[in-house]
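1. Give me a model of this one.
(chains A, B, C and D)
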There are 4 protein chains.
Amino acid sequence: MIKIVVAGFKGRMGATATKMVIEHERFELVGVLDPHAQEKNLSEISDYQELNVPVFKEKETLVKSVVADAWIDFTIPKVAYENTYFALENKIAPVVGTTGFTEEQVASLIKLSKAQKTGGLIAPNFAIGAVLMMEFATKAVQYFPDVEIIELHHDNKLDAPSGTAVKTAEMMEEVRAKKAQGNPDEKETIKGARGADYEGMRIHSVRLPGLIAHQQVQFGGTGEGLTIRHDSYDRASFMSGVALGCEKVVELKELVYGLENLL
Amino acid sequence: MIKIVVAGFKGRMGATATKMVIEHERFELVGVLDPHAQEKNLSEISDYQELNVPVFKEKETLVKSVVADAWIDFTIPKVAYENTYFALENKIAPVVGTTGFTEEQVASLIKLSKAQKTGGLIAPNFAIGAVLMMEFATKAVQYFPDVEIIELHHDNKLDAPSGTAVKTAEMMEEVRAKKAQGNPDEKETIKGARGADYEGMRIHSVRLPGLIAHQQVQFGGTGEGLTIRHDSYDRASFMSGVALGCEKVVELKELVYGLENLL
Amino acid sequence: MIKIVVAGFKGRMGATATKMVIEHERFELVGVLDPHAQEKNLSEISDYQELNVPVFKEKETLVKSVVADAWIDFTIPKVAYENTYFALENKIAPVVGTTGFTEEQVASLIKLSKAQKTGGLIAPNFAIGAVLMMEFATKAVQYFPDVEIIELHHDNKLDAPSGTAVKTAEMMEEVRAKKAQGNPDEKETIKGARGADYEGMRIHSVRLPGLIAHQQVQFGGTGEGLTIRHDSYDRASFMSGVALGCEKVVELKELVYGLENLL
Amino acid sequence: MIKIVVAGFKGRMGATATKMVIEHERFELVGVLDPHAQEKNLSEISDYQELNVPVFKEKETLVKSVVADAWIDFTIPKVAYENTYFALENKIAPVVGTTGFTEEQVASLIKLSKAQKTGGLIAPNFAIGAVLMMEFATKAVQYFPDVEIIELHHDNKLDAPSGTAVKTAEMMEEVRAKKAQGNPDEKETIKGARGADYEGMRIHSVRLPGLIAHQQVQFGGTGEGLTIRHDSYDRASFMSGVALGCEKVVELKELVYGLENLL
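-> Numbers count the residues shown, from 1 in each chain, chains lettered A, B, ... in the order given. Predicted coordinates for the structure are as follows:
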């Protein structure tokens, strides 16, 4: 059994992670942390009446009271760096989903983790399927430089293309033979038809009610096509990645950045 | 058996139509017409050695020599109008795939067809699947005004969006509740990501080697999606529509425009 | 404004319908009915504190207290028939989503509705997208008798094929040219590969975690393909159909069976 | 420039390979071999009038007349082994698409290649997209043990499931956590609905006119899905793999089996 604490358990992602740890057969929840918590024990929450898990408002109190192997962190950027540093100092392996770390911060945390011989993971995206999609796309583009991305989201989304689409294009661009997709003489009779141009690759952003978060990376070659598609239906999809992270970090001797490095 | 002549049989579409008529069990090929023909009889062509079908260079000679029920026409715009007029005068029902008729020409042909009590069909698109896709889209958009079109073609194609995509959007626009698709505050961080804007509907044009001609009309509503997709793999797909046209026109008493009016 | 009552408002579907009516700009919720209700007024429920909608435990009390145009019914089969009969007697147009009506019951309700000159709708499926999918499939199969159904659901589902898949196949069978799909000499090297055989049409049932409820009806012809797909992401998708039903029934003079008859 | 000979150039695949070599900018066609050839030189064939490439009926004559780096072989199983052996003896790197080699034959050819320090490739499948699909599926199944395969082919195909589908399932089975896909209590109300069962993974075979050769490997996890799809539209798709093989084998010092080992 891996002993785990969850920081930021009152937030949406933190609450989902707490539930995942409780239900996971190889994990034991030994404590939760949140400065906004009113409870002293998780048993005060109606869904968790039969549990006995202490609630902490300060990390210093937590480490004095419980012994943990892994530290799941879904807090805010300002807090997350401090928490991750603190976890490593205490030889608890952090699994961090908060975004917004600077390169310097990541570098200093990796350095500390090595000194402490403690594993850890910072991941901007915990959906295993999305991470695999990007990895496969980066491999395929080496053989099929002709590629377009179609990403489809609900129509509340404000930015187009999506962050994942841009990230995928960036990763492909590093290994792709330079090439402008489409016919050199093609013409748009209505502006925008051919989508966004990212280094010669085209990205199309579909926005419709009902949709959740979907992305299709489509490759073409002589007489054939290869398509890699990820469908995200629910925030719960992130939790498989968080669980995988917890299982892996306790065997590592340093912190890594990006779930792809554990796959 | 329906007796059929094919005009423009030396062209690519005409040759395919000739082959279809020969192989169709309810059709009899009674003559073919082409000013560029060198042959006197189809039997001079190696694939058709066992046939006995006269070849004509002039339409006047043809009607004196053979009796026909239907006249398939895949010629050039200039000739097609004359041919269609001539077929109707001779009470042969025309099935015309040549594009480029003016509205006046169509009107005058319909008038003549009524006077002659002779059926006929002029169709810019003979792919039954594509015609059904457009018909279904026009129905669905009345219940799902949120719609985007993704059309995908080989990367030799010059124009974007495709003619079929624009035609589909035009047909939907006539019955669709006015609405701009997407979030009112959405922002393109890379220009063109949200595709072409046709009266609030978005059209995305994908161009990749290997692809042939594909179109997906995608609707979204609260908690659900509806997608209608047509894949065209081969020019032969047009021939089901031509065959259907021949079977229907011999029962009509006037000329109609658009295959959708026979479905 | 259409004045509406909801019967069975404590159930899952009834609660969703209640919410829909409250939020719909052309509807006014005038009362709710449920024998299990503890409340006297919806305002006792935390989400609805600002409303003033009386709660009834008996239908007889309801009709004495409020005037309604439409009666949404998501109760249990035994109760639904009585309720629908009662609504028609009181000239309130019923919109009924409860399943399990016998043919005799439907016939007697239609007869009553005509006598009362009151509209109504009984629909086993309120997802407009699913109903359109079935309607389009029934049209397309007349031109493309080669068809297979792929339905995809979460892996908690017990029955295969799904009810919607069988219903779709039944509807297509009535108008489809008899034909066994696939090669007459085809062989399954692993049993079941070619799916379920329904009158020559093949049905394939995919079950995977993460999926919700999806169905693809795929047609093939010479050189082309036509695919109609419905994706259901959320139970809320039914409510567009319920809303449409309420708007239509108040203009009808008799009860109809099946949402397709209102599209 | 890589100097290449093509054995079996009168066959369908051999002819396509010959064309590919002629058109490829980094390849030079130095000779072609076929016991059925009537020509002495490719220039006798109308499409190749401007070329000067000698035609051979016997391999012994060929190696005396021309110097080659690579030997493309699309012959029949009986001949292919002899040819591959002969090419290696002459230090010409073979690229072999003929199927039907026994394990012993492959082993002996690898041994010979090492002794000769000559590269080579025997590949049952040269479609790079299909090979990548299988590779990606084998990776993904380690994180998503819930998987089903949908393969779709034209309705002339006799066997179901396809060879590629079975091969994909075999490869996944080696690394997949044992698990029966679907609900333990699921019931087929029509036999075959849940498809073929291969070690707990389900395979569905769709057969429709118009389709060519397509395969979709679909994974499901909590709240997400990952799909890898390959579409083969044309036999020409194999030629990218043959070309890649020619470029790689001249740098190898031994023969490898399977295109995946060069990707």
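
2. any idea how far A:V96 is from chain B?
-> Between A:V96 and chain B the computed distance is 26 Å (C-beta to the nearest C-beta, to the nearest Å). Every residue, glycine included, has its C-beta placed from N, CA and C.

3. If you could redo that for A:A180, that was the one I meant.
-> Distance, A:A180 to chain B, using C-beta to the nearest C-beta: 10 Å.

4. which residues sit in contact with that residue?
-> A:D197, A:G200 (C-beta atoms under 8 Å, 6 or more residues apart in numbering or on different chains).

5. Let me know the helix or strand that it is in.
-> According to DSSP states H and E, A:A180 maps onto no helix or strand at all.

6. Before we move on, what's the pLDDT of it?
-> Listed pLDDT for A:A180 reads 91.

7. Next: A:V6.
-> 98.

8. Next, see if stretch A:46-59 gets close to chain C.
-> No. On the criterion C-beta under 8 Å from any C-beta of the partner chain, stretch A:46-59 is out of touch with chain C, staying 15.0 Å away.

9. Centre of the chain to that stretch, how far?
-> Remark: stretch A:46-59 is offset 26 Å from the chain centroid, using C-alpha atoms, centre = their mean, to the nearest Å.

10. repeat for stretch A:53-72
-> Mean-position distance between stretch A:53-72 and its chain equals 23 Å (C-alpha atoms, centre = their mean).

11. Would you map the strands across chain A?
-> All strands of chain A, identified by DSSP state E, fall at A:2-7, A:27-33, A:55-56, A:70-73, A:93-96, A:120-122, A:147-153, A:159-160, A:187-188, A:196-198, A:201-207, A:213-221, A:224-232, A:255-257.

12. closest one to D:N52 among those?
-> strand A:213-221 (30.8 Å; C-beta to C-beta).

13. Run a quick neighbour tally on A:E82.
-> The criterion is other C-beta atoms under 10 Å in any protein chain shown. On that basis, A:E82 has 11 neighbouring residues.

14. what do you get for A:M133?
-> Residues near A:M133, counting by other C-beta under 10 Å, number 24.

15. so who does it touch?
-> The contact partners of A:M133, by C-beta under 8 Å, 6+ apart, come to A:T168, A:Q215, A:V217, A:I228, A:R229, A:H230, D:L226.

16. From what I see, A:V250 and A:A70 are in contact.
-> Yes. Counting by C-beta atoms under 8 Å, A:A70 is a contact partner of A:V250 at 6.0 Å.

17. Mind listing the shared neighbours of the two?
-> Residues touching both A:V250 and A:A70 (C-beta under 8 Å, 6+ apart) are A:I2, A:A93.

18. Please say which of these two ends up with more neighbours.
-> A:A70 (27 against 17).

19. The more buried one contacts A:A93, doesn't it?
-> Yes. Proximity of A:A70 to A:A93 meets the contact threshold set by C-beta under 8 Å, at 4.9 Å.

20. Quickly list what's touching both of these two.
-> A:V249, A:V250.

21. need the helices for chain A, in chain order.
-> In chain A, the segments counted as helices under DSSP state H are A:12-23, A:59-65, A:77-89, A:103-116, A:128-140, A:163-175, A:238-249.

22. and the third one, what does it pack onto?
-> What it means is helix A:77-89. When contacts are defined as 3 or more C-beta pairs under 8 Å, 6 or more residues apart in numbering or on different chains; DSSP states H and E, helix A:77-89 packs onto helix A:59-65, strand A:70-73, strand A:93-96, helix A:103-116, strand A:120-122.

23. What of the last one?
-> Counting by 3+ C-beta pairs under 8 Å, 6+ apart, the packing neighbours recorded for helix A:238-249 are strand A:2-7, helix A:12-23, strand A:70-73, strand A:93-96, strand A:120-122, helix A:128-140.

24. Dump those to a markdown table, plus distance to B:E199.
-> Formatted as a markdown table, the helices and strands packed on helix A:238-249 follow (distance: least, C-beta to C-beta, whole Å):
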| stretch | distance to B:E199 |
| --- | --- |
| strand A:2-7 | 50 |
| helix A:12-23 | 38 |
| strand A:70-73 | 48 |
| strand A:93-96 | 46 |
| strand A:120-122 | 46 |
| helix A:128-140 | 34 |
